[in-house]
Every structure is written in C-alpha cells, then in structure tokens.
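>>> here is a sequence with its predicted model. Questions after.
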Amino acid sequence: MEEDKPLVWLNGEVKTPPFSLEGRIEAGMLLRRLQSGERIGLPHSRPMPSIARRCHELRIPDEDKTWRIVYRIDPDAIVIGEVFAKKTNATPDKVIDACRRRFKRYDEDAK
C-alpha cells in the first residue's frame, strides 16, 4: 500500500478562525483525500492551468464566504500555494502570480 503524500505549505493555513469549524473540517477532509491519492473533481476542485500544470483550486463553502486552496499535485507531495477567501468569480491576478512564484521557487529549491 502506498504511503500518504505529505502536505507542503508554501503559504497560508487552515485554522479557526478565520475558517468556521465546519469549513476547517471540510478543508481537512478534502486535503486528506488528496494525500491518499484520490483525484477530486468538480464541485470541490477544479484545474488551474493558468498557474501551472498539476495545479488545482479546492473550493470550501463556509458561513459567509468561500475559501480557496490552490494546490499542486507532485509525485511526492501535495504542495499548497495559497489559501484565500474568494469574493469574485475570477481568481485575482495577484494570487495567480504569487502562486506561480512560490511553485517556481519551491522547484528551484528542490533541485
């Protein structure tokens, strides 16, 4: 049996507050599924090719906002690039740019 992949946090965290208890539990359950190798699709996760290959965005509905967790599936880990509350339909350019930089730096440091 394959071992679970670790979570590598480049930025952000999931804690109460600002997440509600229910939102934090939902985020934890989705991340746990990813760690065990499960591929999650809509409505919980969608691909984010605008950031990079293997990048996705988890969607966590919460009390008064919707949280997003931008992650990348690597062969040896689930790499978290950002956690943020989404207020519009489009992912903000500053989030996309920051994630691109973080993932690039992570890859360079891993060499």
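Done, it's in. Numbering: from 1, shown residues only.

>>> helix or strand for residue 96, which one?
Assigned by DSSP states H and E, residue 96 belongs to helix 93-110.

>>> who does that helix touch, helix- and strand-wise?
Applying 3 or more C-beta pairs under 8 Å, 6 or more residues apart in numbering; DSSP states H and E, we find helix 93-110 packed against strand 66-73, strand 78-86. Just so you know, the C-beta spots here come from the backbone N, C-alpha and C atoms, and that holds for glycine as well.

>>> closest one to residue 100 among those?
The minimum distance between residue 100 and the helices and strands packed on helix 93-110 falls on strand 78-86, with 8.5 Å, by C-beta to C-beta.

>>> count the neighbours of residue 101 for me.
Residue neighbour count, defined by other C-beta atoms under 10 Å, stands at 12 for residue 101.

>>> swap in the one 3 residues further on?
Around residue 104 there are 11 other residues, counting by other C-beta under 10 Å.

>>> swap in residue 94?
Neighbours around residue 94, by other C-beta under 10 Å: 10.

>>> and what of residue 27?
19.

>>> surely it is in a helix?
Yes. Applying DSSP: H, G, I helix; E, B strand; the rest coil, one finds residue 27 inside a helix.

>>> who's in contact with it?
14, 19, 58, 60, 67, 69 (C-beta atoms under 8 Å, 6 or more residues apart in numbering).

>>> got CSV for the helices and strands packed on helix 93-110, with mean pLDDT, distance to residue 32 and mean neighbour count too?
Converted to CSV, the helices and strands packed on helix 93-110 look like this (pLDDT from 0 to 100; distance: least, C-beta to C-beta, whole Å; neighbours: other C-beta atoms under 10 Å):
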stretch, mean pLDDT, distance to residue 32, mean neighbour count
strand 66-73, 95, 13, 22
strand 78-86, 94, 10, 21
